[in-house]
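Visitor: Predicted structure and sequence below. I'll ask about it afterward.
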Amino acid sequence: MLPGPQHGYLEQANPAFDPTTPESAKNPKFLTLDDCTSLAQSKIAGACAAFGSEFYADGKPDTYKDPKREYEAVEFEVRKAFSHGWALSVNYRRRPVEGQL
């Protein structure tokens, strides 16, 4: 069901709402949805609040089977102290990108 005016997407219209009685805690116009806890639950319309960017465990690894990463870099660093409490520190690091990122 579509959310009502002035309401967020975490709410849906209450099918048991009685328009002949005033809106109250016992007769809410909209019901708040809980967050989805699984992929299967997120596929059931109106069961929970899912926006499409959630990640659920599927039992499959999310990376390469045996990733290999090597890090080699050249780094230059210069530090110089000056009078009156001033100091200068310069750092430069250069490395190529290799392996599976």
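Guide: Sure thing, it's come through.
Visitor: Quick check: residue 31 touching residue 25?
Guide: No - Residue 31 lies out of contact with residue 25 (Cβ atoms under 8 Å); the separation is 11.9 Å. Every C-beta, even on glycine, is put in place using the N, C-alpha and C of the backbone.
Visitor: between these two, who's got more neighbours?
Guide: Taking neighbours as other Cβ atoms under 10 Å, residue 31 and residue 25 compare with residue 31 leading, 15 against 5.
Visitor: Surely that one is in a helix?
Guide: No - assessed with DSSP: H, G, I helix; E, B strand; the rest coil, residue 31 is strand; it does not lie in a helix.
Visitor: That one: what's its closest spatial neighbour, skipping adjacent residues?
Guide: In this structure, residue 31 finds its nearest non-sequential neighbour in residue 14, 5.0 Å apart by Cβ to Cβ, 6 or more residues apart in numbering.
Visitor: So what does that neighbour look like in phi/psi?
Guide: Note on residue 14: its backbone torsions stand at phi -80, psi 120 [degrees, to the nearest 10].
Visitor: Could you do residue 81 as well?
Guide: Per degrees, to the nearest 10, the backbone of residue 81 is at phi -100, psi 140.
Visitor: Okay, and the beta partners of it?
Guide: residue 87 (DSSP bridges).
Visitor: And it, how close does it get to residue 91?
Guide: Distance of residue 81 to residue 91, given as Cβ to Cβ, to the nearest Å: 16 Å.
Visitor: Please tell me how far the residue nearest to residue 31 sits from residue 32.
Guide: Shown here: residue 14 relative to residue 32, a distance of 10 Å by Cβ to Cβ.
Visitor: okay, those two: which has more neighbours?
Guide: Ranked by neighbour count (other Cβ under 10 Å), residue 14 and residue 32 place residue 14 first, with 15 against 11.
Visitor: Quick check, the more buried one in contact with residue 26.
Guide: No - applying Cβ under 8 Å, one finds residue 14 not in contact with residue 26, separated by 11.0 Å.
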